[in-house]
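>>> this one's structure only:
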């Protein structure tokens, strides 16, 4: 799918997923603390006892050629849930561990105040990153995830990352 963008006037081949390389908390650690922690493209454990997994957060697009605006943020997990997740990381039936509580661990541009929004983390099968479902409420991200956003709004958000 390609389209001419109403924001910049250029042709784009679909909306890119908006990925976050590290959780915000990791970025705030000193170099020494980071050296004592562990992080890769999917898992993060900090020396001060915080645990994170990389996930997918989808916002439906209600009137466009793409079905969703997709983010790739990090979410926190309790230590117990983190280790349950790690133990089943390569299990093709990982969804069997069930939903877990997490705090969104990146600020999503276009949704001010989204850092630390409470959510459900839903493991998925076949080695896919888990889904984040924002807890119901009146936060703009929760409303967008439930009600969707216009394609024009999705373009504006995506352009904030370019």
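Nice, thanks for sending it over. Computed from a predicted model, the values in this text were never measured in an experiment. Residues are numbered from 1 along each chain as shown.

>>> Let me know how buried the spatially closest residue to residue 17 that is not a sequence neighbour is, in neighbour terms.
Nearest residue to residue 17, sequence neighbours excluded (Cβ to Cβ, 6 or more residues apart in numbering): residue 70, at 4.3 Å. From N, CA and C alone the C-beta is placed, and that goes for glycine too. Residue 70 is flanked by 16 other residues according to other Cβ atoms under 10 Å.

>>> List the beta-bridge partners for residue 70.
Applying DSSP bridges to residue 70 yields these beta-bridge partners: residue 58.

>>> Look at the nearest residue to residue 48 once chain neighbours are set aside and give its secondary structure.
Distance criterion Cβ to Cβ, 6+ apart; nearest residue to residue 48, sequence neighbours excluded, is residue 33 at 6.9 Å. Classification of residue 33 by DSSP: H, G, I helix; E, B strand; the rest coil places it in helix.

>>> so who does residue 33 touch?
Going by Cβ atoms under 8 Å, 6 or more residues apart in numbering, residue 33 touches 46-48.

>>> Repeat that for residue 42.
With contact set as Cβ under 8 Å, 6+ apart, residue 42 has these partners: 53-54, 89, 129.

>>> what does residue 22 give?
Going by Cβ under 8 Å, 6+ apart, residue 22 touches 39, 44, 74.

>>> Please name the residues that touch the closest residue to residue 107 other than its chain neighbours.
What sits nearest to residue 107 in space, not counting adjacent residues and going by Cβ to Cβ, 6+ apart, is residue 115, at 4.2 Å. By Cβ under 8 Å, 6+ apart, the residues touching residue 115 are 24, 104-107.

>>> pLDDT score assigned to residue 115?
pLDDT recorded at residue 115 is 97.

>>> Pull up the gap between it and residue 92, please.
32 Å (Cβ to Cβ, to the nearest Å).

>>> Residue 125 too?
Following Cβ to Cβ, the distance that separates residue 125 from residue 92 is 6 Å.

>>> just residue 81 next, same as before
Residue 81 sits 20 Å away from residue 92, going by Cβ to Cβ.

>>> and these two? which has more neighbours close in?
Per other Cβ under 10 Å, whichever of residue 81 and residue 92 has more neighbours is residue 81, with 20 against 10.

>>> residue contacts, that one?
Contact analysis of residue 81 by Cβ under 8 Å, 6+ apart lists 51, 100-101, 121.

>>> cool, and residue 105?
23-25, 52, 73-76, 115-116.
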